[in-house]
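# With the input below, show me the fold.
(2 chains)
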Amino acid sequence: MPRQKVLVLYLANSALDSPVIAWAVYDGTGATRPMAGDADEPPYRSGVDALKDGWRLFQASQLLPHPRGAEFDVSYLKYEFWFEQIVETAP
Amino acid sequence: MSNLPLLDALSMASFAARGFLRLDAVVPDAINAQFLAEAGPPPQAVAGRKLLRTYGEMLAASGIPEVSAGVPLGQAYPQGSALSRLLALPVVAGAIRSLVGDDPVFDHHFLHVTFPSAYHEAAGGENVSQHTHQDSTIDPRTAFDLQIMYYPHAVTREMGGTRFVPGTHLRRVSEVAIGRYQNIRGQQHMVCEAGTLLFLHSGLWHGGGVNLSDRTRTMFKIRMNPSAPQGRKFDVSTLAPQAAQRPIFLVKTAQPQTVEQILMTPEPWFEQDTGRLEFVNRVRLWRYLTGDDRYDADYWLTRLETLATA
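As a prediction, the model looks like this:
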């Protein structure tokens, strides 16, 4: 049965080959249980390194204009990239 | 002038830049033991009983009082109690005064107990870490509240400890909307001796680590609000006058440890563009803390303000 594994990488800028600054993993196979705080070093140096390892990019955050008057506000991480792998599991 | 040991300018700059102050093993063993006795023993794991119920019973049996939000912090705890004695320690009172002024207001407190796997298994639940979050709700103020995390017993890495991300305190987010960020470069985990305090800017991103040891982990949090603007409450005699801006970008030698150097030191998670916005916001916070509306570091605000009036 196919199951989805998801990797979310947050990069230092909008380029897919920029460094990873934050990350998350979700494992639909149930073989692992990733959770907050479980690793202090990123799984890849950049988004492109994840591509080289077989992850398929399926979403990237847009570049949005800065609302007037709030140009210097900082909030959520901006450069979010979603990857997936489809993994066959035993029925 | 206060007789308390106030934070000096470099310590304040570090708090402004990174959003935390760590005081290791400053609470004496006698107060730690008194606090743990007042908090009460951890409950036993009971098969089939929900952990939330176990937690509720533990809080109800605890000797730690309920306290109404909004009372003066100085009236929050009975004289002679462990928490009253802790807050009266000069190093603690001096740091509180430096960060939130003379008469802070009690906001809330909570006894955080993180249970090991046996409790979760007995309750039929899963032993996982807490999602990263920012406490309270979206907070657009330059002013900030102070949260003191008190670790009355030693915390090992296996016990999880509080996870926090230095430098995230100026980000305006909505509580656990950031829960998606499992790991962030530069995150720290509290591994500490008994009697350690972690002072947090109320905006700092944090979460409880999963407890993989075989004993419960206890942390007590107290949140307080300033009752007046927080400017110039630290030891301003240590504030070096800023004669001129330092050279920027083309710099040939290592820079000395100054307020500017601290405010302009990035965190490992900084995005390349918004890292500069973090610098801008740090300078703004430093202006608030020093009452100096003309202060700048590395020309970030001078450049913007010059353009704005051209």
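
# What number of residues are in the vicinity of residue 3?
Reading this off chain A. 14 (other C-beta atoms under 10 Å in any protein chain shown). Just so you know, the C-beta spots here come from the backbone N, C-alpha and C atoms, and that holds for glycine as well.

# wait, chain B
Counted with other C-beta under 10 Å, B:Asn3 comes out at 7.

# State which one residue of chain A is found closest to chain B.
A:Ala24 (3.8 Å; C-beta to the nearest C-beta).

# And that residue, how close does it get to B:Val251?
Separation of A:Ala24 from B:Val251 (C-beta to C-beta, to the nearest Å): 36 Å.

# remind me which residues of chain B are low pLDDT?
Along chain B, the model assigns pLDDT under 70 to residues B:1, B:307-310.

# which residues in it form helices?
For chain B, the helices defined by DSSP state H occupy B:9-18, B:29-39, B:51-61, B:82-88, B:90-100, B:117-123, B:259-263, B:274-290, B:300-308.

# between those helices, which gets nearest to chain A?
Smallest distance to chain A across those (C-beta to the nearest C-beta): 5.1 Å, for helix B:274-290.

# Could you tell me the angle between that closest one and helix B:9-18?
Between helix B:274-290 and helix B:9-18, the angle comes out at 140 degrees (axes from the mean of the first three to the mean of the last three C-alpha atoms, to 10 degrees).

# Next one: helix B:274-290, is it in contact with chain A?
Yes: remark: helix B:274-290 sits within contact range of chain A at B:Thr274, B:Leu277, B:Glu278, B:Val280, B:Asn281, by C-beta under 8 Å from any C-beta of the partner chain.

# Give me the distance from that helix to the chain's centre.
18 Å (C-alpha atoms, centre = their mean, to the nearest Å).

# I'd like to know which elements that helix is packed against.
In terms of contacts (3 or more C-beta pairs under 8 Å, 6 or more residues apart in numbering or on different chains; DSSP states H and E), helix B:274-290 is packed against helix B:9-18, helix B:259-263, helix B:300-308.

# angle of that helix against helix B:90-100?
110 degrees.

# tell me which parts of chain B are close to chain A?
Counting by C-beta under 8 Å from any C-beta, chain B sits next to chain A at B:126, B:128-132, B:160, B:163, B:170-173, B:177-185, B:187, B:189, B:207, B:209-210, B:268-274, B:277-278, B:280-281.

# Which among those residues count as buried?
Buried subset of those (neighbour count, 16 or more other C-beta atoms under 10 Å in any protein chain shown): B:129-132, B:160, B:163, B:170-173, B:178, B:180-185, B:187, B:189, B:207, B:209-210, B:269-272, B:274, B:277-278, B:280-281.

# What residues sit buried inside stretch B:286-298?
Within stretch B:286-298, the residues scored as buried using 16+ other C-beta under 10 Å are B:Trp286, B:Arg287, B:Tyr288, B:Leu289, B:Thr290, B:Tyr295, B:Asp296, B:Ala297, B:Asp298.

# Of the residues of chain B next to chain A, which belong to strands?
Members of the residues of chain B next to chain A lying in strands (criterion: DSSP state E): B:Arg163, B:Asn183, B:Ile184, B:His189, B:Gly207.

# Quick check: residues of chain A near chain B?
With C-beta under 8 Å from any C-beta as the criterion, chain A comes near chain B at residues A:8, A:10-13, A:18, A:20-25, A:33-40, A:42, A:72-79.

# Can you name the residue of chain B nearest chain A?
Chain B approaches chain A most closely through B:Gln182 (3.8 Å), counting by C-beta to the nearest C-beta.

# Quick check: bridge partners of the closest residue to that residue other than its chain neighbours?
Excluding the flanking residues, the one nearest B:Gln182 by C-beta to C-beta, 6 or more residues apart in numbering or on different chains is A:Ala24, at 3.8 Å. Legend: beta-bridge partners of A:Ala24 under DSSP bridges are A:Val8.

# For A:Ala24, grab the count of nearby residues.
Residue neighbour count, defined by other C-beta under 10 Å, stands at 20 for A:Ala24.

# Check it and give its pLDDT.
Note for A:Ala24: predicted pLDDT of 98.

# That one against B:Gly179, yeah?
No: with contact defined as C-beta atoms under 8 Å, A:Ala24 does not count as touching B:Gly179 (9.3 Å).

# Need the CA coordinates for stretch B:197-212. CSV is fine.
Extracted C-alpha coordinates of stretch B:197-212, given in CSV (Å, rounded to 0.1, in the frame of the first residue of the first chain):
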residue,chain,number,x,y,z
LEU,B,197,16.1,30.1,36.2
LEU,B,198,15.3,30.9,32.6
PHE,B,199,14.0,34.4,32.1
LEU,B,200,12.1,34.7,28.8
HIS,B,201,10.8,37.7,26.8
SER,B,202,7.1,36.8,26.5
GLY,B,203,7.4,36.5,22.7
LEU,B,204,10.1,33.8,22.7
TRP,B,205,9.2,30.6,20.8
HIS,B,206,9.4,27.6,23.0
GLY,B,207,7.9,24.2,23.9
GLY,B,208,8.3,21.3,26.3
GLY,B,209,10.6,18.5,25.3
VAL,B,210,9.5,14.9,25.4
ASN,B,211,10.5,13.2,28.6
LEU,B,212,12.3,9.9,27.8
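
# Which of the residues in stretch A:45-62 are classified as buried?
Neighbour counts over stretch A:45-62 (16+ other C-beta under 10 Å) mark A:Ser46, A:Gly47, A:Asp49, A:Ala50, A:Leu51, A:Trp55, A:Leu57 as buried.

# Return the distance of the residue nearest to B:Thr258 when sequence neighbours are not counted relative to B:Met12.
In this structure, B:Thr258 finds its nearest non-sequential neighbour in B:Ala240, 7.0 Å apart by C-beta to C-beta, 6+ apart. In this view, B:Ala240 and B:Met12 are 12 Å apart by C-beta to C-beta.
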